[in-house]
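Visitor: Got a predicted model here, sequence first, then my questions.
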Amino acid sequence: MRYEPFDKSGIITVETVKFNFSTTLSEQYAIFSRVAKKVENIYKKSEDESLNKLAKAYNVMKKEAKYLSNLVKLQFPEYNQQILQSTAILTDPPVSCAACHIIFSLYLLLGCLGACFVYIPACICVWIVDFWELIGLGLEIFCEFVGACP
């Protein structure tokens with residue numbers, strides 16, 4: 001679930017939702033919908049046109065989260081299980097894309113360093129990961145595949 005910004009205003013928003021109680025997956029999407037609605041209402045009251053456009057984007061997220069909540073509840077009950085602890089970030093694509101690049105790079109590098117520690121010839125993996133970072137190979141493909149980058 002994500003929205004595309006209406007313009008290239010450069011405004012980036014990040015909202016964090018931390019659950020300090022257990023919920024089902026459908027309940028989490030319903031909560032995301034309520035959070036998006038609250039943020040939408042805050043931006044809607046602003047006199048800044050850019051923030052008014054963000055209000056429209058959060059309106060889209062509100063509707064999509066509500067739709068996903070109902071979809072999981074009615075059509076995918078096997079996935080509507082209790083989730084004991086979670087955190088979610090509602091953000092626009094540039095932030096999620098950058099975060100994906102950083103997380104994926106660190107994951108690969110740490111994995112390769114672990115392999116290098118266990119088996120010395122595997123140290124070439126560290127060089128390959130560094131090379132991937134330099135030219136962006138793999139990162140763009142992976143982050144687009146998981147939906148973090150447009």
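Guide: In hand now; what should we look at? As the structure is a computational prediction, the values presented were derived from the model and not from experiment.
Visitor: Quick check, C143 in contact with I103.
Guide: No - contact criterion Cβ atoms under 8 Å: C143 and I103 do not qualify, at 9.2 Å. C-beta: built from backbone N, CA, C; applies to glycine.
Visitor: Give me the domain ranges for this protein.
Guide: The record assigns the chain these domain ranges, following automatic domain parsing: 1-91, 92-150.
Visitor: any idea which of the ones you listed scores lowest on pLDDT?
Guide: The minimum mean pLDDT among the domains of the chain belongs to domain 92-150 (a mean of 68).
Visitor: re the thing from before, so for C143 and I103, which sits in the more crowded spot?
Guide: Applying other Cβ atoms under 10 Å to C143 and I103 shows that C143 carries more neighbours, namely 20 against 12.
Visitor: Please report phi then psi for that one.
Guide: When read as degrees, to the nearest 10, the backbone of C143 gives phi -70, psi -30.
Visitor: Then F21?
Guide: For F21, the backbone dihedrals (degrees, to the nearest 10) come out as phi -150, psi 160.
Visitor: Please report the number of neighbouring residues for it.
Guide: Each residue near F21 was counted by other Cβ under 10 Å, and the total is 8.
Visitor: ok, which stretches of this protein are strands?
Guide: 14-19, 23-24, 82-83, 86-91 (DSSP state E).
Visitor: check contacts around the closest residue in space to Y29 that isn't next to it in sequence.
Guide: With sequence-adjacent residues excluded and distances taken as Cβ to Cβ, 6 or more residues apart in numbering, Y29 is closest to S69, at 3.6 Å. With contact set as Cβ atoms under 8 Å, 6 or more residues apart in numbering, S69 has these partners: S26, E27, Q28, Y29, A30, S33.
Visitor: roughly how far apart are S69 and Q85?
Guide: 19 Å (Cβ to Cβ, to the nearest Å).
Visitor: E40: neighbouring residues, count only.
Guide: Neighbours around E40, by other Cβ under 10 Å: 19.
Visitor: That one - nearest residue in space that isn't next to it in sequence?
Guide: Spatially, and ignoring its direct neighbours in sequence, E40 is nearest to Y58 (3.8 Å; Cβ to Cβ, 6+ apart).
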